[in-house]
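Colleague: Pasting the sequence and the predicted coordinates here, then a few questions.
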Amino acid sequence: MNHELSTMNRIYFDNAATTALDPTVLETMMPYLTDKFGNPSSIYSYGRETRMAIETARKSVAKILNAHPAEIFFTSGGTESSNTAIAAAIRDLGCKHIITSVIEHHAVTHTVEHIDNLDAAKVSYVKLLPNGHVDLDDLEKLLASSEEKTLVTLMHANNEIGNILDIHAVGNLCKLYNAVFHSDTVQTVGHFPFDLRNTPVHFITGAAHKFHGPKGVGILYINENVRIKPFVHGGGQERNMRAGTENLYGIVGFAKALEMATQHHEEDSAHIGTLKYYMMDELKKHIPGVAFNGDVLGRSLYTVLSASFPKTEKSEMILFNLDINNICASGGSACTSGADQGSHVIRAINQNPNQVTVRFSFSKQNTKAEVDVVVEKLKELI
C-alpha cells in the first residue's frame, strides 16, 4: 500500500490530542516565515512591523475572550502556561495549600506533585462524583477548612472524558474564600465562547493546536489584579513576563485560528456535536456491552466521546488494530499514550478492569460516513 493512499484513507478521530492546521491559518503565517522575519525587539522598521503583528494578535485574542490585551501573554502552549500559573501562585501570591483533582491533565498534576515534593505547599484532592464531575460541596468544605492561602487548580473540560466544570460556581467559591483560581482551559479555548471580564478566574490557558492552529504556541491569561514574576528569565519580551524571542508566526497563527474558530463556532459545534451523538447511538446499536465514561449527555465537550468496550483477547489490541486499519483514536491523553500504565482519568472514575477504553474526538473535518466506517471496523474487532 503506498503512502499517499494510506494518508488519503486515514480516519482521524483524535482531535483532542491535536488538530490539523487549517490552510487559511498557514497562509496567514507564511509571510512571517519568509519575508517578514525581523526580530520584534529590533528598533528598525523591519522589527517594528513584526512587533506590530504580535500586538495586533494580542488585541484580537483579548477581544475574543473579552479580556484586556495586557492580560494576555503568549507562551509555548498549555503546559508552560499551567506551570507558570501554578508556580507563581505558590512563589509570588503566597499560596501554601493547593486544591486540585486526580483527573487533571499531567501539565497540572505533575507540576502540583513537584511542588508537593519540594514541600512548598500542601495538596488536597477534591472528591469526584460517580459521573466524573467535581463534588462542589467537597470543594467548599476543603476551602472552608483551609487555614492558609489556597490555590484551586481545576480544569474547565477534561481532555479524556469531556466533562465540563461549572467555572463560575468554582470561581465564586474561590472568591468567597479568597483563594486563587487557575483553570486549565486548553480543551475549551477555541471551542467555547469566553467572557473573562465576567468570569471569576485568575489564570486560564490555551493552545492553538487544539483548534486548527500551529503546535508550540499558547496563551496564559493573567487577571489584571494579579502580579506575578516571570517563569522564564533573560529578556524583556512579553512585557517582561516571558524572556526569549517571540514565536512570531506561531502567535499570528494562534490569533487567526482563534478568530476562525469563533466566527464558525455555531455551525462547527452543531456539526461536531451531531457526530458525537450519532457515534454514541451507532455504538449502542451494534456493540453489546458498550459503556460511556463521564457525563456524556450532560455537561460535556461536544468534541469528545469516551467509550469502554468489554475486555476480550481481541479488544485488548483494539487501538493497535484500529491503527493498522488507518483509524486514529487514543486510549486517553495523547501525552501518556506511549506509556502503558493506561489512563489515570479512567482509573479514577471507572473501576472496571474488564473494560477497554477508547477516546474518539472529533473536528469540523470529520463526517458521518467516517463514523460508519469506524463502527463497522469496531464490530469486526470486538
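Modeller: Yes, it's here.

Colleague: Now the strand or helix carrying residue 142: buried residues?
Modeller: Using DSSP states H and E, residue 142 sits in helix 136-145. Applying a neighbour-count criterion of 16 or more other C-beta atoms under 10 Å, one finds 136, 138, 139, 140, 142, 143 buried in helix 136-145. C-beta: built from backbone N, CA, C; applies to glycine.

Colleague: So what's the residue count around residue 40?
Modeller: 19 (other C-beta atoms under 10 Å).

Colleague: For the buried residues of helix 136-145, give me TSV that also has distance to residue 71 and pLDDT.
Modeller: Shown next, in TSV, are the buried residues of helix 136-145 (distance: C-beta to C-beta, whole Å; pLDDT from 0 to 100):
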residue	distance to residue 71	pLDDT
136	26	98
138	30	98
139	25	98
140	28	98
142	28	98
143	25	98
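
Colleague: Can you redo those residues as JSON lines, where the extra columns are distance to residue 151?
Modeller: Listed next are the buried residues of helix 136-145 as JSON lines, based on distance: C-beta to C-beta, whole Å:
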{"residue": "136", "distance to residue 151": "17"}
{"residue": "138", "distance to residue 151": "17"}
{"residue": "139", "distance to residue 151": "13"}
{"residue": "140", "distance to residue 151": "16"}
{"residue": "142", "distance to residue 151": "12"}
{"residue": "143", "distance to residue 151": "11"}
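
Colleague: Show me what the helix holding residue 142 is packed up against.
Modeller: Contacting helix 136-145 under the criterion 3 or more C-beta pairs under 8 Å, 6 or more residues apart in numbering; DSSP states H and E are the following elements: strand 97-100, strand 150-153, helix 167-176.

Colleague: can we see that at 10 Å?
Modeller: Here helix 136-145 touches strand 97-100, strand 122-125, strand 150-153, helix 167-176, going by 3 or more C-beta pairs under 10 Å, 6 or more residues apart in numbering; DSSP states H and E.

Colleague: I'd like those laid out as TSV, including mean neighbour count, distance to residue 228 and mean pLDDT.
Modeller: Formatted as TSV, those follow (neighbours: other C-beta atoms under 10 Å; distance: least, C-beta to C-beta, whole Å; pLDDT from 0 to 100):
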stretch	mean neighbour count	distance to residue 228	mean pLDDT
strand 97-100	24	16	98
strand 122-125	16	20	98
strand 150-153	26	12	98
helix 167-176	17	17	98
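
Colleague: Buried residues, whichever strand or helix holds residue 269. List them.
Modeller: Here residue 269, judged by DSSP H and E, is contained in helix 265-286. Within helix 265-286, the residues scored as buried using 16+ other C-beta under 10 Å are 268, 269, 271, 272, 275, 276, 278, 279, 280, 282, 283.

Colleague: quick one: which of these is nearest to residue 162?
Modeller: Nearest to residue 162 among the buried residues of helix 265-286 is residue 276, at 8.6 Å by C-beta to C-beta.

Colleague: Ignoring the adjacent residues along the chain, who's closest to that closest one?
Modeller: With sequence-adjacent residues excluded and distances taken as C-beta to C-beta, 6 or more residues apart in numbering, residue 276 is closest to residue 305, at 5.1 Å.

Colleague: quick one: contacts for that neighbour?
Modeller: Residue 305 makes contact with 13, 16, 161-162, 275-280, 283, 292-294, 296, 329, 358-362, 371, according to C-beta atoms under 10 Å, 6 or more residues apart in numbering.

Colleague: try it again with 6 Å
Modeller: Counting by C-beta atoms under 6 Å, 6 or more residues apart in numbering, residue 305 makes contact with 276, 279, 360.

Colleague: Equivalent analysis for residue 124, please.
Modeller: 99, 142.

Colleague: roughly how far apart are it and residue 102?
Modeller: Counting by C-beta to C-beta, to the nearest Å, the separation of residue 124 from residue 102 is 11 Å.

Colleague: Kindly report the same for residue 297.
Modeller: Per C-beta to C-beta, residue 297 is found 24 Å from residue 102.

Colleague: so the helix holding residue 142 versus helix 167-176, what angle?
Modeller: 20 degrees (axes from the mean of the first three to the mean of the last three C-alpha atoms, to 10 degrees).

Colleague: Quick one: residues in contact with helix 136-145.
Modeller: 99, 124, 126, 127, 173, 177.
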